[in-house]
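Chemist: return atomic coordinates for the entry below.
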Amino acid sequence: MKITTIILAAGKGTRMRSDLPKILHKIANRPLLQHVYDTAKNLKNNNIKIVVGHGAELVTAALINLDAEWIEQTLQLGTGHAVQQVSHQIGDDDTVLILYGDVPLLKLETVKLLINNVNDQSLALLTVKLANPTGYGRIVRNSAGQVIKIVEEKDASVDEKKIMEGNTGIMAVKGKPLKKWLSQLSNGNAQGEYYLTDVIEMAVADKFSVVTSQPDTEDEVLGVNNRIQLSHLERVYQQEQANILMEQGVTLRDPLRFDQRGEIASLGQDIEIDVNVILEGNNKIGSNIKIGPNTLIKNSIIGDNVEIFANCIIEDAVIGTGSRIGPYARLRPDSVLAENVHIGNFVELKKTTVAAGSKINHLSYIGDTSVGEKVNIGAGTITCNYDGVNKFQTVIEDGAFIGSNSQLVAPVTIGKNATIGAGSTITKDSPENQLTLSRAKQMSIAGWQRPIKKES
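Modeler: The predicted structure is shown next:
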């Protein structure tokens, strides 16, 4: 079966009150349209076409990597008019699936069920039972329960407005009849638009059966029209991700205060995650892990038996087995820690490798550095790796001890088992197994008095 998916994404989204096209607003750090595309992309033998209109250049630039054909609807004259822009590219035997770029949480299983209801004499329609159907087109059925038409709310009678079954707009049908019905659409309605929903009545007139199916929840087919709905669907999505993790054995101290904004490529067991933790991008997380509150982990690999204390930021980093991080530590991109490394309070690493058993426990910045095994770097140490134009490398070899409040001015090498005296500024390589220090001579001045504030 060949599928042509048409994603309607031309709307302005006036109620978002934003210069950004509605479909580029994000849930879990992905644009709304990206969510819809990702679902459609999981269908086999699927040719995806995206109809854009308002802010078309912004949309196509932001999502240039999508494997889809972009079609511009220069005049927004309704959903039927939008699909008409693609009609000449639809094959007669194609199964045409129509989705919406602002309905991000539609599940693949729901779409597959819809498509399976399509044959040469049927149209598949996704409807939803609503406690409050205000704003939705109503599904009108005959006395036998068969769908006979969809009426938009602005065109509905008083009795039709009492119908609780709403139209999601999501449908699937064979290409040949769809193209025929699209050519017959009229804009003689309260909105003066070409409604895609009018094809339902045409299908019934042509003796097609309209087969309906429903999503598991209303939220699955809820569109985003304002910031309130965007926020609501963000929480729905995050609750789903939290449930998936908990079903896999992860302990979430408060599922309502956890965000996953990406994928977890691999996941161990006995993982504890405290409140306000964000997992972003693509992460790999080992077993026996504790992650403290208010921590961001992005595109990183966390080995087994790691503890990450509160308020840490870890980005594009690798943390080896048995390591301890934080609190208040920041691992910037290309930081790679071997096993049993300690990175402590207010320590920042950037583009640095740290070998097994080394410790950087307090108030330090280590950048563009190679740290050997069993190195101890004291509080207040910084590597001076940048001269305002170029970056330089610092090498700290195995067993070195760096005293507190030291500055290592790169390029420089600290030899194996070398000791750097506290308060030193090191500008030259330090030999192995020796003490190196640089300090100004200490003086005490007799008879000195503190300044006294003068009376005005």
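
Chemist: going forward, measure contacts and count neighbours with C-alpha atoms only.
Modeler: Will do.

Chemist: Ala250 and Glu272 touch, don't they?
Modeler: Small correction: residue 250 is Val, not Ala. Yes. Proximity of Val250 to Glu272 meets the contact threshold set by Cα atoms under 8 Å, at 6.2 Å.

Chemist: could I get the full set of helices for the stretch 351-456 of the chain?
Modeler: Using DSSP state H, counting those that start in this stretch, no helices are found in the stretch 351-456 of the chain.

Chemist: and for the stretch 51-200 of the chain?
Modeler: Counting by DSSP H, counting those that start in this stretch, one finds helices in the stretch 51-200 of the chain at the ranges 56-62, 79-84, 108-116, 175-183, 198-205.

Chemist: what's the average pLDDT for the following helix or strand past the last one?
Modeler: Just to be clear, that refers to helix 198-205. With elements assigned by DSSP states H and E, the helix or strand that comes after helix 198-205 is strand 209-213. Mean pLDDT, computed over strand 209-213, is 96.

Chemist: can I get the next helix or strand after strand 209-213 in CSV, CA atoms only?
Modeler: The C-terminal neighbour of strand 209-213 among helices and strands, as given by DSSP H and E, is helix 227-247. Presented in CSV, the C-alpha positions along helix 227-247 are these (Å, rounded to 0.1, in the frame of the first residue of the first chain):
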residue,chain,number,x,y,z
ARG,A,227,-0.4,29.2,25.0
ILE,A,228,-2.7,27.6,27.5
GLN,A,229,-3.3,24.6,25.2
LEU,A,230,0.5,24.5,24.4
SER,A,231,1.2,24.3,28.1
HIS,A,232,-1.4,21.7,28.7
LEU,A,233,-0.1,19.4,26.0
GLU,A,234,3.5,19.8,27.3
ARG,A,235,2.4,18.4,30.6
VAL,A,236,0.4,15.6,28.9
TYR,A,237,3.5,14.7,26.9
GLN,A,238,5.8,14.8,29.9
GLN,A,239,3.4,12.7,32.0
GLU,A,240,3.5,10.1,29.2
GLN,A,241,7.3,10.1,29.2
ALA,A,242,7.4,9.8,33.0
ASN,A,243,5.1,6.9,32.9
ILE,A,244,7.2,5.1,30.3
LEU,A,245,10.3,5.5,32.5
MET,A,246,8.6,4.4,35.6
GLU,A,247,7.2,1.3,33.8
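
Chemist: could you pull up the mean pLDDT of helix 227-247?
Modeler: According to the model, helix 227-247 has a mean pLDDT of 97.

Chemist: which helices and strands does it pack with?
Modeler: On a contact count with 3 or more Cα pairs under 8 Å, 6 or more residues apart in numbering; DSSP states H and E, helix 227-247 meets strand 26-27, strand 258-267.

Chemist: ok, the closest residue to Pro255 other than its chain neighbours - contacts?
Modeler: With Cα to Cα, 6 or more residues apart in numbering as the measure, Ala242 is the residue that lies nearest to Pro255, at 5.8 Å, once sequence neighbours are left out. Listed by Cα atoms under 8 Å, 6 or more residues apart in numbering, the contact set of Ala242 reads Leu252, Pro255, Phe258, Asp259, Gln260.

Chemist: what's the local residue count around Thr14?
Modeler: For Thr14, the count of nearby residues is 12 (other Cα atoms under 10 Å).

Chemist: distance of it from Asn226?
Modeler: With distances defined as Cα to Cα, to the nearest Å, the gap from Thr14 to Asn226 amounts to 8 Å.

Chemist: before we move on, back to that, which one, of the helices of the stretch 51-200 of the chain, ends up nearest to Ala440?
Modeler: Closest approach to Ala440 among these is made by helix 56-62 (56.0 Å; Cα to Cα).

Chemist: hang on, the earlier thing: how about the helices and strands packed on helix 227-247, which one is nearest Glu307?
Modeler: When the helices and strands packed on helix 227-247 are compared by Cα to Cα, strand 258-267 sits nearest Glu307, at 15.3 Å.

Chemist: contacts for that closest one, please.
Modeler: Residues from elsewhere that reach strand 258-267, judged by Cα under 8 Å, 6+ apart: 28-30, 238, 241-242, 252, 275-287.

Chemist: after that strand, which helix or strand is next?
Modeler: Past strand 258-267, heading to the C-terminal end, the next element that is a helix or strand (DSSP H and E) is strand 271-273.

Chemist: partner strands of that following strand and their direction?
Modeler: Counting by DSSP bridges, the strands paired with strand 271-273 are strand 251-252 (parallel), strand 289-291 (parallel).

Chemist: avg pLDDT for that strand?
Modeler: Along strand 271-273, the predicted local confidence has a mean pLDDT of 98.

Chemist: how close does Thr134 sit to Thr79?
Modeler: Distance of Thr134 to Thr79, given as Cα to Cα: 19 Å.

Chemist: look at the two and report which has more neighbours.
Modeler: Here Thr134 and Thr79 are compared on neighbour count by other Cα under 10 Å; more neighbours surround Thr79, at 19 against 13.

Chemist: ok, that one - contacts?
Modeler: Contacts for Thr79 (Cα under 8 Å, 6+ apart) come out as Leu8, Tyr194, Tyr195, Leu196.
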